[in-house]
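Chemist: Sequence plus the predicted model coming up.
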Amino acid sequence: MRAVLCRRLTLLMSFETATLRDASGLPWRVLDSWLGRLFHGDVFLPDGLIARRDVLKQSGSRVVEAVTLASGERVVVKRYPYRPGLEGFKRWLPVSAARAEWENGRILQDLGLPCAAPIAYGRTGGASGERAAEVLVTGWVDDSLDLADLWKPGVLPPDARRALIESVAGLVRRLHNAGVTHQDPHLRNFLARRAGAGWTVVPIDLRRLKTGQRMGISARDANLSLLYQTMGIVASKAQRLRFLTTYLDEGDEVGRRARALRLEQQGERQVRRYRRRRSAAALGSNSRFELYEAGGIRWHLRTELRDDELEGVLADPESAFDAPDEVLKQGRSAQVIVKDGWVVKRFCATRRRRLILDRVLRGKAARALRSAFLLELSGIPTPKVAASGKRVEGGVVRCSYLVTQRVTAARHIDVAMVEAAPEARAALIQATGVLIGVLHAQGAAHRDLKAGNIVVGGDGEPWLIDLDGISLRGTVSAPRAAHDLARLFRDLRARAGVTSLEERDLVGAYACAARLDAADVPPLLASIERTPRLRAGRRADVTD
């Protein structure tokens, strides 16, 4: 620790920086070459030195701006406002957010590693109505996009995407070899720009950068697991293995492949836990969801889906059932209608025990909201849930509501199979196997996996609905998987004439998506045949 502190002190003192105090008497450190471009006398960035300001990011803890100077150069200005009541205390902290980025950026530059070059660091007072804040100025990375945008499907051709993955792996390996780890490796904390046939990847937001570490195998693996929390969600297994084999550039090919597979298995478990933690945010108040009071009901509302029609439904959901645009299902315990383009499902307790339990527990609607968000994070097609809530009268829950988007031109899967041409039918069977396989690979099972709970949209892709039947498990056992598939096959045989050969094709696609070995497929088929076929139930038609 002493060696690291001495190295930091020596490094920071060696830079060609000027130390000054601004008009408020607050200290600044500025690169000599930038002093005249950022300060006019003792005033930081007066209007005469600025041609344009653009806010890139704003939150309660910081404001990030892209500032175009009068000279035509661009810089990034990050402001970390002091919170009321803590201003005097935080002024005396040895390392704050802005100072940590300043020091870490300088250390990366000394190590020859890429970063957004730190230019100036200081503090501003509360003049002109602005809150006192710490300020960091960094250079602008030209012609770059963050990895979250570049990683989206279809943005890059396969060769460019492959080169980008290898460049990210090369950067992480260089960081680790230098004893540096990024403790907040979200994709938006990395920028990338083309460099010939490859890419230059630049880490940003260096607040949680750790330097001067001894990077053994366990420390490297721990930091790679953090990367999986973000990269693992948007990358396929093949892409993640390419990343790992590129990172592990030492040793024999067999050894690298074996370690990459081991890290992949650890990373999958890490991603699963991360997704489940994120899905719990659906029942709280955050950037995506909020608690909303309307119609005497406390709703969990998805902010981005909020519109006038949705607010009208939430204000009086019972009136929607009195005058629906369309009735999709009319049962004793649940009713489903369409109102103003939204699908509204009402759950009614049919037993006194449920009336009491639903008052204490979250209930079906809240569980369906969380399950839908989890499936969305896992890439499983399912309608987005806009809101869930429950009506409490006399101390008990009389009913609960779930409002979702509607699948365009939806048909039940058995209807779609009957109407499809042979090639389209075969593709639909394969897609259904993949859908269920990905669901089970995430440790989730559907307690009522029947034809009525899988619909095919206008794009020909199967969607999973009726999410209050989702149950979360550590892993989906072979008997549970056989039960779910047998339940589905019973409907498809009776209503769509699915043959044994088509069932084998579906199970084959399922096994690939669920990451089963080829040797596990015959026992799974035999287990499906031994599973009792449940009695066929009635279902409502889903109209276009």
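Modeler: Looks like it came in fine.
Chemist: contacts and neighbour counts: CA atoms only from here.
Modeler: Noted.
Chemist: center of this structure - which residue?
Modeler: Centre of the chain computed as the mean C-alpha position; nearest residue by CA atoms, centre = their mean is residue 377, 5.7 Å away.
Chemist: Where does the nearest residue to that residue once chain neighbours are set aside fall, secondary structure wise?
Modeler: Setting aside the residues directly before and after it, residue 377 is nearest to residue 275 in space (CA to CA, 6 or more residues apart in numbering), at 6.6 Å. Using DSSP states H and E, residue 275 sits within helix 253-279.
Chemist: Show me what counts as buried in that helix.
Modeler: Residues 256-257, 260-261, 263-264, 267-272, 274-276, 279 are the ones in helix 253-279 that count as buried (16 or more other CA atoms under 10 Å).
Chemist: thinking residue 271 is in contact with residue 226, fair?
Modeler: No: assessed by CA atoms under 8 Å, residue 271 is found out of contact with residue 226, at 9.1 Å.
Chemist: Domain map for this protein?
Modeler: Using automatic domain parsing, the domain parsing of the chain gives 2-139, 145-281, 284-404, 411-530.
Chemist: centre of the chain versus the second one, how much separation?
Modeler: Here the centre of mass of C-alpha atoms in domain 145-281, compared against the chain's by CA atoms, centre = their mean, to the nearest Å, lies 15 Å away.
Chemist: what pLDDT, on average, does it get?
Modeler: In this model, domain 145-281 carries a mean pLDDT of 82.
Chemist: For the stretch 401-544 of the chain, give me the ranges with low pLDDT.
Modeler: By pLDDT under 70, the low-scoring segments of the stretch 401-544 of the chain are 533-544.
Chemist: That one: strands as residue ranges?
Modeler: 411-412, 444-446, 454-456, 462-464, 470-472 (DSSP state E, counting those that start in this stretch).
Chemist: cool, the stretch 51-200 of the chain as well?
Modeler: According to DSSP E, counting those that start in this stretch, the stretch 51-200 of the chain carries its strands in the segments 63-69, 74-81, 118-124, 133-139, 145-146, 181-182, 190-195, 198-203.
Chemist: What of the stretch 201-350 of the chain?
Modeler: Counting by DSSP E, counting those that start in this stretch, the strands of the stretch 201-350 of the chain are 209-210, 289-294, 297-302, 326-330, 334-339, 342-348.
Chemist: closest one to residue 173 among those?
Modeler: Between residue 173 and the strands of the stretch 201-350 of the chain, the shortest separation by CA to CA is 14.6 Å, and it involves strand 209-210.
Chemist: That closest one packs against which elements?
Modeler: Contacts defined by 3 or more CA pairs under 8 Å, 6 or more residues apart in numbering; DSSP states H and E place strand 209-210 against strand 181-182.
Chemist: hmm, who's touching the strand it packs on?
Modeler: 175, 206, 208-211, 223 (CA atoms under 8 Å, 6 or more residues apart in numbering).
Chemist: and the two most separated of these?
Modeler: Using CA to CA, the two most remote members of the contacts of strand 181-182 are 206 and 223, lying 15.1 Å apart.
Chemist: Compare the two and say which is more crowded by neighbours.
Modeler: residue 206 (23 against 18; other CA atoms under 10 Å).
Chemist: Report the contact partners of the residue lying closest to that one once chain neighbours are set aside.
Modeler: In space, residue 206 comes closest to residue 101 once its chain neighbours are excluded; the distance is 4.9 Å by CA to CA, 6+ apart. Residue 101 makes contact with 118, 136, 205-207, according to CA under 8 Å, 6+ apart.
Chemist: So which bits of stretch 207-219 are buried?
Modeler: Buried residues in stretch 207-219 (16+ other CA under 10 Å): 207, 209, 211-212, 215.
Chemist: So which residues make contact with that stretch?
Modeler: When contacts are defined by CA under 8 Å, 6+ apart, stretch 207-219 is touched by residues 4, 97-98, 100-101, 104, 176-184.
Chemist: Which among those residues count as buried?
Modeler: Counted by 16+ other CA under 10 Å, the contacts of stretch 207-219 give 97-98, 100-101, 104, 176, 178-182, 184 as buried.
Chemist: Helices - which of these land there?
Modeler: Counted as lying in helices by DSSP state H, out of those, are 97-98, 100-101, 104, 176.
Chemist: which two in those residues are spaced the farthest apart?
Modeler: For these, the maximum inter-member distance is 23.2 Å, found between 98 and 176 (CA to CA).
Chemist: quick revisit: in TSV: the ones in helices among the buried ones among the contacts of stretch 207-219, plus distance to residue 491.
Modeler: Shown next, in TSV, are these (distance: CA to CA, whole Å):
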residue	distance to residue 491
97	59
98	61
100	61
101	59
104	61
176	54
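Chemist: Tell me who's in contact with residue 140.
Modeler: 74-76, 116.
Chemist: Please report how far it lies from residue 77.
Modeler: Residue 140 sits 10 Å away from residue 77, taking CA to CA, to the nearest Å as the criterion.
Chemist: One more: residue 523?
Modeler: The spacing between residue 523 and residue 77, counted by CA to CA, is 61 Å.
Chemist: Tell me the pLDDT of residue 3.
Modeler: Reading off the confidence values, residue 3 has pLDDT 45.
Chemist: What of residue 350?
Modeler: We have a pLDDT of 65 for residue 350.
Chemist: what about the closest residue to residue 299 other than its chain neighbours, which SS state?
Modeler: In space, and not counting its chain neighbours, residue 299 is closest to residue 389: 4.5 Å by CA to CA, 6+ apart. Three-state call for residue 389 (DSSP: H, G, I helix; E, B strand; the rest coil): strand.
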